[in-house]
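>>> sequence first, predicted model second:
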Amino acid sequence: MFISDEHDTNFNHHRYSCDDYILGTMYEINENREAPEVIARLDERMNLEQTDMDGKRMTIIHKGYASRHLFEIENFVKDIVHSEGQHILGKKYYRQVNNWLDYYSEIYRYSTRVEAFYDACKSMGLIGSKRSFEFSLFDAMEISAGISYMDLFNKLIEQVYACCQGREFKERERLRKANAERNKKNVLALEEAMFSEETGRSRWIILSLTLRYKPSYRRWITPDIIQQHRDRFFAARRFNELMSGIKNYVWTIEQGEDTGLHLHVILFYSADSNHDEYIAMQIGKYWENIVTEGKGDYWNSNGGKLKKGYAEKGHGVGVGQINWNDLAKRDALRINLVYLAKTEQYLMIKVANSIHTFGTGQVPKKAKSGRPRGLANCETIIA
């Protein structure tokens, strides 16, 4: 764990270059460009956090931040399926396998490709609660098995390939992609409606926060508790002046090894003021002090230093005040929404079997003819 003053740290240093990204083609994001960005943003939400220490807002960087292991395993499995040859695969990936084994966690359901890799490792006894195995020099012998590490690596490749040929793997991959595409369609429809002259407004303040818990409470936070807090958070729009500015939203429940269960939200907030960083901070404090009764904490993605990083090293600034005709900012917002919507294609928490971990507010309906531009009804949907 590394602790830093939040104002001195640039958290976009591990982002993968988007210089070649063409905004006009965002609806057809190539998987090779999309996957590393989706995973990088998830990595930030799981492994970076802000907290108050000695009167200062500090940033904590947890182990595993910027490891890229999920993206690397994705590529490894894709290369196996496309039969690049064991010698080439060994040169590209052999030295990374120990690191991938170390990052395995029981709390997640991985993407179909990453799951295939870890299932193959389990079947070979390479991971488990008492794992002591490590790949050593390529031509050395693994004593207990009596075969060379090279042969073990080749056997792993064969096992992964076999996993990827099964009907179950292909069906899981189809369902994950279909769910991700459905989520993508929903968030893009919501964004379009919120800026539409018929159903929305010409200007919004877009807020992005990760709402989590203080370290001393995390072990007690269950899926039921975070769902209750999510419901309480959005219900406050009906009676709290600050929260009433939230007119629509997208949310997801995620979990980090060190940061625990947390809620990430993108909020469409009334543009009566343009002080987005301050409003986001106040909403974070509302979560911290009121919704969770002092147990919460938050990460404010509307911070000025962070926005500068989005502009310089990301795909643009998709938070803060956005006008309906600001195409660059709206494209950046859409990309943020799509990446959030497609997170579960690459990593899910295991409690997703029993709870919904992604949802949105309602897409506004078309207003009656002649009605002034304004916000149509956006009642809460808790999916």
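Great, that's in hand.
>>> quick check, central residue of this structure?
For the chain, the residue nearest the mean C-alpha position is Leu42 (3.0 Å; C-alpha atoms, centre = their mean).
>>> so that residue touches Glu344, yeah?
No - taking contacts as C-beta atoms under 8 Å, Leu42 lies outside contact range of Glu344: 9.8 Å. C-betas here are computed from N, CA, C, even on glycine.
>>> picking that back up, name the element the residue nearest to the centre of the chain belongs to?
Taking DSSP states H and E as the criterion, Leu42 maps to helix 31-47.
>>> average model confidence for that helix?
The average pLDDT for helix 31-47 rounds to 76.
>>> buried sites along that helix?
Going by neighbour count (16 or more other C-beta atoms under 10 Å), the buried part of helix 31-47 is 34-47.
>>> do the same with stretch 201-215
Under the neighbour-count criterion of 16+ other C-beta under 10 Å, stretch 201-215 has 201, 203-214 buried.
>>> what's in contact with the strand or helix carrying Tyr286?
Following DSSP H and E, one finds Tyr286 within helix 276-286. For helix 276-286, the external contacting residues (C-beta atoms under 8 Å, 6 or more residues apart in numbering) are 205-209, 211, 233, 236, 240, 242-243, 245-246, 267, 269, 273, 298-304, 319-321.
>>> just the buried subset of those residues, please.
205-209, 211, 233, 236, 243, 245-246, 267, 269, 298-303, 319-321.
>>> out of those, which sit inside strands?
Within the buried ones among the contacts of helix 276-286, membership in strands is found for 205-209, 211, 246, 267, 269, 298-300, 320-321, as judged by DSSP state E.
>>> export the residues you listed to CSV and tack on pLDDT and distance to Thr259?
Listed next are those as CSV, based on pLDDT from 0 to 100; distance: C-beta to C-beta, whole Å:
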residue, pLDDT, distance to Thr259
Ile205, 97, 26
Ile206, 97, 23
Leu207, 97, 20
Ser208, 96, 16
Leu209, 96, 14
Leu211, 97, 11
Ile246, 97, 24
Leu267, 98, 20
Tyr269, 97, 25
Tyr298, 95, 12
Trp299, 93, 9
Asn300, 94, 15
Gly320, 93, 25
Gln321, 96, 29
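>>> what is the most widely separated pair among these?
Set against one another by C-beta to C-beta, those have their most distant pair in Leu211 and Gln321, with a gap of 21.9 Å.
>>> mind listing what's buried along the helix or strand that contains Met150?
Under the criterion DSSP H and E, the helix or strand holding Met150 is helix 149-165. With burial defined by 16+ other C-beta under 10 Å, the residues of helix 149-165 counted as buried are Tyr149, Met150, Leu152, Phe153, Asn154, Leu156, Ile157, Gln159, Val160, Cys163, Cys164.
>>> quick check, nearest of those to Val187?
Cys164 (29.5 Å).
>>> tally of neighbours for Gly294?
Gly294 has 9 neighbours, counted by other C-beta atoms under 10 Å.
>>> quick one: contacts for the nearest residue to it once chain neighbours are set aside?
In space, not counting the residues next to it along the chain, Gly294 is nearest to Glu288; the distance is 7.1 Å by C-beta to C-beta, 6 or more residues apart in numbering. Shown here is Glu288, whose contacts under the criterion C-beta under 8 Å, 6+ apart are Gly294, Lys295, Gly296, Asp297, Tyr298.
>>> and the first one, which of the three is it?
I take that to be Gly294. coil (DSSP: H, G, I helix; E, B strand; the rest coil).
>>> quick check: it vs Arg219, distance?
Note on Gly294: its distance to Arg219, by C-beta to C-beta, to the nearest Å, is 16 Å.
>>> next one: the last one
Here the distance between Tyr298 and Arg219 works out to 19 Å (C-beta to C-beta).
>>> if we can go back for a sec, how far off strand 296-300 does the helix holding Tyr286 point, in degrees?
What separates the directions of helix 276-286 and strand 296-300 is an angle of 170 degrees, with axes from the mean of the first three to the mean of the last three C-alpha atoms, to 10 degrees.
>>> and helix 276-286, which residues are buried?
By neighbour count on 16+ other C-beta under 10 Å, the buried set for helix 276-286 is Asp276, Glu277, Ile279, Ala280, Met281, Ile283, Gly284, Tyr286.
>>> now swap in stretch 238-255 and tell me
Met243, Gly245, Ile246, Lys247, Asn248, Tyr249, Val250, Trp251, Thr252, Ile253, Glu254, Gln255.
>>> wait, a strand at the fifth one?
Read it as Asn248. Yes - Asn248 sits within a strand when classified using three-state DSSP.
>>> just the pLDDT at the residue nearest to Gly294, thanks.
Glu288 carries a pLDDT score of 97 in this model.
>>> tell me if I am right that it is in a strand.
No - applying three-state DSSP, one finds Glu288 to be helix, outside a strand.
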